[in-house]
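**Q** just a sequence and a predicted model for now, questions to come.
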Amino acid sequence: MALADASGNPLLWDTGTWQVAYQANIAPAQLISVGLSPDDEWLVTGEDQGMAPLWSARTLRQVAELRRHKARVKSVAFSSDGKEVVSAGYGKTACLWDSGRRKLITRIGTHTLHALSVAFSPDGKQIVSGERDHSVRLYTRTHVVGLAFGSLNGCDPW
């Protein structure tokens with residue numbers, strides 16, 4: 001299991017023993033979110049400085065930086081095949097990345113406020129984002145067109 005401690009350092013937990021298997025001490029970055037690739041080989045993290053670094057899950061060494069955000073990256077996720085990463089946050093757009101080439105594929109959507117969460121559909125053809133304005137947006141993979149399909153009225157903001 002991959003997560004970050006209170007200082008923002010990535011940890012790998014052995015789920016058999018529930019002990020820390022490895023901890024990386026990185027400074028001064030503060031990790032906001034973490035995603036693990038389906039093959040358990042890679043981690044992607046969202047950071048305060050607007051980056052989404054890619055890490056080796058075996059060594060917790062950074063291997064690349066996905067740098068196209070202008071502000072805090074609140075959420076990151078791998079596609080189910082591990083070939084793509086989506087990241088989003090305070091910059092009001094989501095970024096779709098080729099995880100193997102470490103290149104930006106496209107920016108997705110125009111959020112009205114900060115995107116707080118992003119995820120791929122199980123088949124990888126759609127991306128969904130949750131926004132600070134309580135809306136949920138669904139994006140198709142072929143057209144990359146945002147469709148707001150509702151507002152979660154009654155939910156308290158953070």
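**A** Looks like it came in fine.

**Q** list the contacts of residue 19.
**A** The contact partners of residue 19, by Cβ atoms under 8 Å, 6 or more residues apart in numbering, come to residue 13. For every residue, glycine as well, the C-beta is placed using N, CA and C.

**Q** do you know how far it is from residue 11?
**A** Between residue 19 and residue 11 the computed distance is 10 Å (Cβ to Cβ, to the nearest Å).

**Q** repeat that for residue 134.
**A** Computed with Cβ to Cβ, the distance linking residue 134 and residue 11 is 32 Å.

**Q** try residue 90
**A** For residue 90, the distance to residue 11 - Cβ to Cβ - is 25 Å.

**Q** ditto for residue 32
**A** From residue 32 to residue 11 the distance is 15 Å (Cβ to Cβ).

**Q** could you do residue 116 as well?
**A** From residue 116 to residue 11 the distance is 23 Å (Cβ to Cβ).

**Q** residue 92 too?
**A** 30 Å.

**Q** do residue 80 as well
**A** Going from residue 80 to residue 11 by Cβ to Cβ gives 24 Å.

**Q** which of these two has more neighbours?
**A** residue 11 (16 against 13; other Cβ atoms under 10 Å).

**Q** quick one: secondary structure of the more buried one?
**A** Taking DSSP: H, G, I helix; E, B strand; the rest coil as the rule, one finds residue 11 in the strand state.

**Q** not counting sequence-adjacent ones, nearest residue to residue 55?
**A** Of all residues not flanking residue 55 in the chain, residue 43 sits nearest, at 4.2 Å (Cβ to Cβ, 6 or more residues apart in numbering).

**Q** got a list of contacts for the helix or strand in which that neighbour is found?
**A** Under the criterion of DSSP states H and E, residue 43 resides in strand 42-47. Here strand 42-47 makes contact (Cβ under 8 Å, 6+ apart) with 2, 4, 10, 29-37, 52-57, 60, 63, 66, 72-78, 82, 85, 87, 89, 99.
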